[in-house]
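Peer 1: please find the sequence and the predicted model below.
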Amino acid sequence: MNDNAPAWWNLLDDDAKAAARMITQVLRKPIRQLGPERTRALLNTAAPAEPLTPLDQVRQLTVPTRAGTIRARLYRADSAAPNGGRPALVYLHGGGFVLGTLDGADKLCRAIAAGSGWTVLSLDYRLAPENPYPAALEDCIDGYGWLTRTAPELGIDPGRLAVGGDSAGGNLAAALCLYRRDERAPSRSPKCSPTPPSTGHSPRRRGRTSPTHRC
């Protein structure tokens, strides 16, 4: 650890210290000084050419929203859907509502699909500050609504849908659940699973379990 490290770094475990050190090596200035475009160029990651978790199916989709369209990516470990379809998780990436991409969440979404047997739909919602609140939440609401309508076409069971995410995505997942509850949406209310950041390890495949829990 360098001499300029803040004293509170001593409260972190070794993994957190390593992450903090890596961030400070990349970001020589605070994010508020760099601005969103420069920060995204420094921090957003691309999906690896050879994925750590190969899957039978990864599809690029375009999802209609009230503001136009957003990109989405569908992950499926086994392309053969059972009768009635598979359960699905709508995954919302983190990034403080300013950062984050489909590629950045690719490794984690692949791991969830492979370890659970669920279909995973990752949404590329609009980011601030170019698109201030409630743009991101509206994209998530519209993306989830679109999935409820098109689930059978995608081999998904519309009665077994969930939503989750990390960091800002966990916030959006919880907000989406509350919106669906308050609007008394006709379809089954989603499960909600705000999750901590991924460690990057693939899940063990001894048994497949649901990637979510009820709020």
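Peer 2: Arrived safely.
Peer 1: quickly list what Pro64 is bridged to.
Peer 2: Thr69 (DSSP bridges).
Peer 1: my read: it touches Asp142, true?
Peer 2: Yes - shown here, Pro64 and Asp142 form a contact pair, counting by C-beta atoms under 8 Å, at 7.2 Å. C-beta coordinates here come from the backbone N, C-alpha and C atoms, glycine included.
Peer 1: out of these two, which sits in the more crowded spot?
Peer 2: Set Pro64 next to Asp142 and count neighbours by other C-beta atoms under 10 Å: Asp142 wins out with 19 against 13.
Peer 1: show me what contacts that one?
Peer 2: Shown in contact with Asp142 (C-beta atoms under 8 Å, 6 or more residues apart in numbering): 63-66.
Peer 1: buried residues in the one helix or strand Leu178 maps to?
Peer 2: Taking DSSP states H and E as the definition, one finds Leu178 inside helix 168-182. Neighbour counts using 16 or more other C-beta atoms under 10 Å place 168-177, 179-180 of helix 168-182 among the buried residues.
Peer 1: which helices and strands sit right next to it?
Peer 2: strand 86-92, helix 135-150, strand 156-166, strand 191-195 (3 or more C-beta pairs under 8 Å, 6 or more residues apart in numbering; DSSP states H and E).
Peer 1: as JSON lines, these with mean pLDDT and distance to Trp9 would be great.
Peer 2: Formatted as JSON lines, those follow (pLDDT from 0 to 100; distance: least, C-beta to C-beta, whole Å):
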{"stretch": "strand 86-92", "mean pLDDT": "96", "distance to Trp9": "29"}
{"stretch": "helix 135-150", "mean pLDDT": "97", "distance to Trp9": "31"}
{"stretch": "strand 156-166", "mean pLDDT": "94", "distance to Trp9": "22"}
{"stretch": "strand 191-195", "mean pLDDT": "57", "distance to Trp9": "25"}
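Peer 1: point out the most buried one among these.
Peer 2: strand 86-92 (a mean of 26; mean count of other C-beta atoms under 10 Å).
Peer 1: what's it packed up against?
Peer 2: Applying 3+ C-beta pairs under 8 Å, 6+ apart, one finds that strand 86-92 contacts helix 106-116, strand 119-123, helix 135-150, strand 156-166, helix 168-182.
Peer 1: dump these into TSV; add distance to Pro48 as well.
Peer 2: Shown next, in TSV, are the helices and strands packed on strand 86-92 (distance: least, C-beta to C-beta, whole Å):
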stretch	distance to Pro48
helix 106-116	8
strand 119-123	16
helix 135-150	25
strand 156-166	19
helix 168-182	21
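Peer 1: local confidence estimate at Met1?
Peer 2: At Met1, the model reports a pLDDT of 45.
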